[in-house]
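**Student:** Here is the input, now give the coordinates:
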Amino acid sequence: MNPAITKSQILQTVSSVDLKKYCGKWYEIASYPQQFQKGCNCTTAEYTLSEKGFVIVENRCKKDSVDGQESYIKGKAFVESNSGNAKLKVQFFWPFKGKYWIIDLAADYSYAVVSHPNKKYLWILSRSPKMNDTLYEQIQSRLKEKGFDLLKLKTTTQI
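**Tutor:** Have a look, this model is predicted:
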């Protein structure tokens, strides 16, 4: 390991995730903007356990405004072995899979923070379209401790 990399820079996931509790609808509160989400407002993700053991992922957003046309994509997420269900690989286009690591999660599953080990992707998710300011600031503080650049974080318009 490179001695210049501090422990705070090595991304850790939560220890375990109950996928049944994790499934359902999530609202994007903030994220690192990505090209594939350009122009998105009112972004949501819905997760459903499949009978075959993977997670069905359905992402939606309104393009260019809160009244814009809905954009929709469906994919699959596969749990990485021995990760406590905290590391998944999401696939929207075969054969490509992206790492989806759950790095912060409320005990009651009311919010989640998802990233990639390279920290170039970041999403703060909530079960409701709005998040309490104090909670949002606490999450940001933990992200800063983990080495994330908060200047890149942009809030998502939700109604």
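
**Student:** those helices in the protein, which residues are they?
**Tutor:** With DSSP state H as the criterion, the chain has helices at 19-22, 133-145.

**Student:** Could you dump those into CSV and include mean neighbour count?
**Tutor:** (Glycine included, C-beta is placed from N, CA and C.) As requested, the helices of the chain are arranged in CSV below (neighbours: other C-beta atoms under 10 Å):
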stretch, mean neighbour count
helix 19-22, 13
helix 133-145, 13
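
**Student:** Save those as JSON lines, and put in mean pLDDT and distance to Asp104 too.
**Tutor:** What follows is those, written out as JSON lines (pLDDT from 0 to 100; distance: least, C-beta to C-beta, whole Å):
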{"stretch": "helix 19-22", "mean pLDDT": "98", "distance to Asp104": "13"}
{"stretch": "helix 133-145", "mean pLDDT": "98", "distance to Asp104": "6"}
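
**Student:** nearest to Glu46, of these?
**Tutor:** Closest to Glu46 of the helices of the chain, according to C-beta to C-beta: helix 19-22, at 11.2 Å.
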